[in-house]
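In: no sequence for this one, just the structure:
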């Protein structure tokens, strides 16, 4: 019973922070000091409980590791913290793709092999896939086993990720062999040697974080999530995790988006998402690279597109590949560790930032 309450409290507290979307408690000095520090303490304890950074195991625990990639050296699983470091290293150390040249006329030119042109509709579908990954990696999200109806969508995302890899000059990923090594012994909070002491610590920190929360600083859903944390602290045994729509089942529906029927949110099935995303990802132009120096392109409303650096293109491809792997039929996950928050935040800040150059 206590172990279940520990997991429920971890899930509820992690979801509360995730719903705030931007981690204002880290940087916003307009927050009352006591509130800001209590949320920082809550984030720190959630991140420290069962955190994973490296492993000697060849099996992959999807609650804390990417399931579609392995380290190039040693072949070990890459943790959620590790994938963020990998992406940061590529992007922050990249040289960019624009260079000044005098010929044929003085201008900024796109460097061959350093950028990818992505049609606007294709790009929108790719961003939707990354949005789904962010929601699948929401910290505290309960585990699920993916239904067979996801196969077409999973394959579509896998093939689309390879199109970006090819455009960026990177090798394709063959099949879903990485997700064949999912660990059968997934992480549980009860695996922590001192889990009872950590549970007591989390109760104290979470209780302080939800006390006297001023609504002006928080997203509306966060206030409801704080009430859920209070329910768990009060002894509620059942999970308080809430999806975007009534009847939404992560095993058969998308978790990042819904449709509206009148004023009601309606879940979107995997097959429906396949139809909608397939319209953009399989019809018309695909992502392409640059084989010669080309001047920066003017916006063309008839053929809207974006240009993204090779490093960001590879990150988009890897994130789409991970979405594909997590939607593979039969894949089972346990509760997502707080480190999933790091992946989602990095994608929001970097992949979907204003770093894309409009082009024709």
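Out: Nice, I can see it. Small disclaimer: the values here were computed from a predicted structure and weren't measured.
In: so the residue nearest the centre of the chain, which state does it fall into?
Out: Per Cα atoms, centre = their mean, the C-alpha nearest to the average position across the chain is that of residue 134, at 2.6 Å. At residue 134, secondary structure determined by DSSP: H, G, I helix; E, B strand; the rest coil is helix.
In: pretty sure it contacts residue 346?
Out: No: counting by Cβ atoms under 8 Å, residue 134 does not reach residue 346; the two are 9.7 Å apart. C-betas here are computed from N, CA, C, even on glycine.
In: how close does the residue nearest to the centre of the chain sit to residue 77?
Out: 20 Å (Cβ to Cβ, to the nearest Å).
In: before we move on, what about residue 304?
Out: From residue 304 across to residue 77, the span is 38 Å (Cβ to Cβ).
In: quick one: contacts for residue 47?
Out: Residues in contact with residue 47 (Cβ atoms under 8 Å, 6 or more residues apart in numbering) are 338, 339.
In: picking that back up, neighbour count for residue 304 and residue 77, which is higher?
Out: residue 77 (25 against 15; other Cβ atoms under 10 Å).
In: all strands of the stretch 51-200 of the chain, in order?
Out: Per DSSP state E, counting those that start in this stretch, the stretch 51-200 of the chain carries strands over the ranges 65-70, 77-79, 98-101, 107-110, 115-119, 144-145.
In: now render the ones you listed as JSON lines, adding mean pLDDT and distance to residue 328.
Out: Listed next are the strands of the stretch 51-200 of the chain as JSON lines, based on pLDDT from 0 to 100; distance: least, Cβ to Cβ, whole Å:
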{"stretch": "strand 65-70", "mean pLDDT": "87", "distance to residue 328": "9"}
{"stretch": "strand 77-79", "mean pLDDT": "88", "distance to residue 328": "16"}
{"stretch": "strand 98-101", "mean pLDDT": "77", "distance to residue 328": "38"}
{"stretch": "strand 107-110", "mean pLDDT": "82", "distance to residue 328": "35"}
{"stretch": "strand 115-119", "mean pLDDT": "92", "distance to residue 328": "24"}
{"stretch": "strand 144-145", "mean pLDDT": "94", "distance to residue 328": "11"}
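In: so for residue 161, which of these sits nearest?
Out: Nearest of the strands of the stretch 51-200 of the chain to residue 161, taken as Cβ to Cβ: strand 65-70 at 8.8 Å.
In: how about residue 137: what's its closest non-neighbour residue?
Out: Nearest non-adjacent residue to residue 137, counting by Cβ to Cβ, 6 or more residues apart in numbering: residue 340, 3.4 Å away.
In: just residue 182 next, same as before
Out: Counting by Cβ to Cβ, 6+ apart, residue 182 lies nearest to residue 60, which is 5.6 Å off, once chain neighbours are set aside.
In: which pLDDT value goes with that neighbour?
Out: Looking at residue 60, its pLDDT is 82.
In: all the strands of the stretch 201-350 of the chain, in order from the start?
Out: Assigned by DSSP E, counting those that start in this stretch, the strands in the stretch 201-350 of the chain fall at 253-261, 264-269, 288-289, 294-295, 305-309, 332-333.
In: what's the local residue count around the residue nearest to residue 137?
Out: Around residue 340 there are 25 other residues, counting by other Cβ under 10 Å.
In: quick check, it in contact with residue 139.
Out: Yes: if you go by Cβ under 8 Å, residue 340 and residue 139 touch, sitting 5.0 Å apart.
In: show me where the stretch 51-200 of the chain dips below the pLDDT cut-off.
Out: Scanning the stretch 51-200 of the chain for pLDDT under 70 picks out 53-58, 71-74, 175-180, 183-185.
In: show me where it has helices.
Out: For the stretch 51-200 of the chain, applying DSSP state H, counting those that start in this stretch gives helices covering 80-92, 120-136, 151-167, 195-210.
In: contacts for the third one?
Out: Judged by Cβ under 8 Å, 6+ apart, the contacts made with helix 151-167 from elsewhere in the structure are 116-118, 122, 125-126, 129, 171-173, 176, 270-271, 273-274, 277-278, 281-282, 286-289, 313-314, 316-318, 320-321, 323-325, 327-329.
In: same list (the helices of the stretch 51-200 of the chain) but as CSV, adding distance to residue 38.
Out: Conversion of these to CSV gives the following (distance: least, Cβ to Cβ, whole Å):
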stretch, distance to residue 38
helix 80-92, 24
helix 120-136, 25
helix 151-167, 39
helix 195-210, 4
